[in-house]
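> Provided below for reference: sequence and predicted model.
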Amino acid sequence: MSQLYVADTEAPSLATPFTIPLQLLVGATGDESSVGALHVAAAIAKRSGATVHVLTVSTPFPHVVSVVDVTSPPVMDEENRRIALGAVKSRLERVAGSQDWDVQAVVGWPGEAIVDAAERWPASLIVLGRGAHHAWDRLFGPETAIAVARRSRAPVLAVAPSARSIPSRILAAIDFSKSSINAATLAARIMAPNGTLVLAYVSAFDNSKAGEGSLADLYDTGVADKLEECRREIHRETHRHIETAVLIGEVVGKLVEYANREHCDLIAVGGHHLGFVDRILMGSVRSGVLRSASCSVLIGAQQAVP
């Protein structure tokens, strides 16, 4: 069950173009799972003037002693690194606008290597591919996106393989935290100028039969008012077309269901605090959306705990 409030009657403002300087770090492989990430990064870079670094990661060769030790592990690591680099460069030949991108390959584990590179550069947005469920998922699929988002202080954009352009219809999950509002605002920044951003609050309570003036009715009114406040705040900053919706049910399931039904090409959710527990276990909503969504997913920047 869901309720949609089309609350934005203000046309997008064209007087002040809304842009943001970005530094994109794209974690990529040479296979199909990264194609969408490379094309979307190119589209974002073209629109915002972003600079782009591409990183591919070759996992270490098992350092064990074999009966026939033809090649030492360090030599194998270097050979695999060169192969991975060549595969990504070959893929980039088919991505318009990528000719001047810096492309590097390292040996390591993707989740760690991508975050480390993003912090050294530093990157303002990490872009990854969301592969289908096959062997590459162990390296550059949803699990890698989860591992990166768990550690990264920068927002993470996990792109569906079929994506070829910046998103034009975005669903942003709002829990009224600053983190979720920041994620929605960033989503608006990378959205197509004529796109639509839907701010959605998911409630576990079905108050459709609540009487007027009841606590449930007052709760619903408060949610609608807070959503409208968020809509106006993001609209003032971005000049984008924004709608609001209240969804009823389990959070991950309702977000994914709505995104599929309304043909959204991106779901945005807030980052999490870097407290002890969150460093160990990423929020179930974020990981659930990353694993379940068929579209691209944006995880907002984390908020450090004082």
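Received the coordinates, thanks. Residues are numbered from 1 along each chain as shown.

> any low-confidence regions in the stretch 201-306 of the chain?
Residue ranges of the stretch 201-306 of the chain with pLDDT under 70: 206-219, 272-283, 302-306.

> all helices for it, in order.
215-238, 251-261, 276-280, 284-292 (DSSP state H, counting those that start in this stretch).

> Those into a markdown table, with extra columns for distance to residue 193 and mean neighbour count?
C-beta here means a position set from N, CA and C on the backbone, and glycine is covered the same way. What follows is the helices of the stretch 201-306 of the chain, written out as a markdown table (distance: least, C-beta to C-beta, whole Å; neighbours: other C-beta atoms under 10 Å):
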| stretch | distance to residue 193 | mean neighbour count |
| --- | --- | --- |
| helix 215-238 | 10 | 16 |
| helix 251-261 | 21 | 19 |
| helix 276-280 | 35 | 11 |
| helix 284-292 | 25 | 19 |
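
> nearest to residue 149, of the ones you listed?
helix 284-292 (6.4 Å; C-beta to C-beta).

> and that closest one, what other elements does it pack with?
Judged by 3 or more C-beta pairs under 8 Å, 6 or more residues apart in numbering; DSSP states H and E, the packing partners of helix 284-292 are helix 142-151, helix 251-261, strand 266-269, strand 296-299.

> can you redo these as TSV with distance to residue 52?
Compiled in TSV, the helices and strands packed on helix 284-292 are given as follows (distance: least, C-beta to C-beta, whole Å):
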stretch	distance to residue 52
helix 142-151	17
helix 251-261	27
strand 266-269	19
strand 296-299	17
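
> Relative to residue 285, which of the ones you listed is closest?
Among those, helix 251-261 comes nearest to residue 285, with 5.3 Å by C-beta to C-beta.

> which helices and strands does the closest one pack with?
Using 3+ C-beta pairs under 8 Å, 6+ apart: helix 251-261 touches strand 169-173, strand 196-203, strand 241-248, strand 266-269, helix 284-292.

> Neighbouring strands - and their directions - for the third one?
Strands adjacent to strand 241-248 in the sheet, as given by DSSP bridges, are strand 2-5 (antiparallel), strand 196-203 (parallel).

> how far out from the middle of the chain is it?
19 Å (C-alpha atoms, centre = their mean, to the nearest Å).

> Setting aside sequence neighbours, what's the nearest residue to residue 301?
Leaving aside its sequence neighbours, residue 301 sits nearest to residue 155 (C-beta to C-beta, 6 or more residues apart in numbering; 4.7 Å).

> count of residues packed around that neighbour?
Residue 155 has 24 neighbours, counted by other C-beta atoms under 10 Å.

> and it, what are its phi and psi?
Residue 155 has phi and psi values of phi -60, psi 150 when expressed as degrees, to the nearest 10.

> now it: how far from residue 285?
Remark: distance between residue 155 and residue 285 (C-beta to C-beta, to the nearest Å) = 16 Å.

> repeat for residue 172
Distance from residue 172 to residue 285, by C-beta to C-beta: 13 Å.
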